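J.: Provided below for reference: sequence and predicted model.
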Amino acid sequence: MEYIYAALLLNEAKKEINEENLNKIVEAAGFKVDEAKAKAIVEALKGVNIDELLKNATVVAQPQAEAKPKEEKKEEKKEEKKSEEEAAGGLASLFG
């Protein structure tokens, strides 16, 4: 995961994402350098526009994040309504 963060930092700083730069950041953060991971990240990111990926990821994540609370609110309202009806039914039996 540290190599992904390092790549994002390099991208944000408009620096070249290469093994040497990745390893410098990982080492500066206090992690053990892993040459194989650095090489794999560099290869995986060749030709990838990180800025465009992040832009699209944000757009996709927002509707999902907004939809979830609405669903939860609907469920909470149903539960509240049921508990109110149950309470009313219980009170009616007292005065039966």
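T.: Looks like it arrived, so ask away.

J.: Name the helix or strand for residue 59, please.
T.: Take DSSP states H and E as the rule and residue 59 turns out to sit in helix 50-94.

J.: Sorry, slip of the keys, the one I care about is residue 6.
T.: With DSSP H and E as criterion, residue 6 is part of helix 2-12.

J.: Against which helices or strands is that helix packed?
T.: Contacts defined by 3 or more C-beta pairs under 8 Å, 6 or more residues apart in numbering; DSSP states H and E place helix 2-12 against helix 19-28, helix 35-45, helix 50-94. C-beta here means a position set from N, CA and C on the backbone, and glycine is covered the same way.

J.: Could I get the CA-only coordinates of the second one as CSV?
T.: Taking Å, rounded to 0.1, in the frame of the first residue of the first chain, the C-alpha atoms of helix 35-45 are listed here in CSV:
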residue,chain,number,x,y,z
GLU,A,35,12.5,-3.5,-5.2
ALA,A,36,10.0,-5.9,-6.6
LYS,A,37,7.0,-3.9,-5.4
ALA,A,38,8.5,-0.7,-6.8
LYS,A,39,9.1,-2.3,-10.2
ALA,A,40,5.6,-3.8,-10.3
ILE,A,41,4.0,-0.4,-9.5
VAL,A,42,6.0,1.3,-12.2
GLU,A,43,5.1,-1.3,-14.8
ALA,A,44,1.4,-1.2,-13.8
LEU,A,45,1.2,2.5,-14.1
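
J.: Show me the contact partners of it.
T.: Here helix 35-45 makes contact (C-beta atoms under 8 Å, 6 or more residues apart in numbering) with 3, 4, 6, 7, 17, 18, 19, 22, 23, 26.

J.: what comes up buried for it?
T.: By 16 or more other C-beta atoms under 10 Å, the buried positions in helix 35-45 come out as 37, 38, 41, 42, 45.
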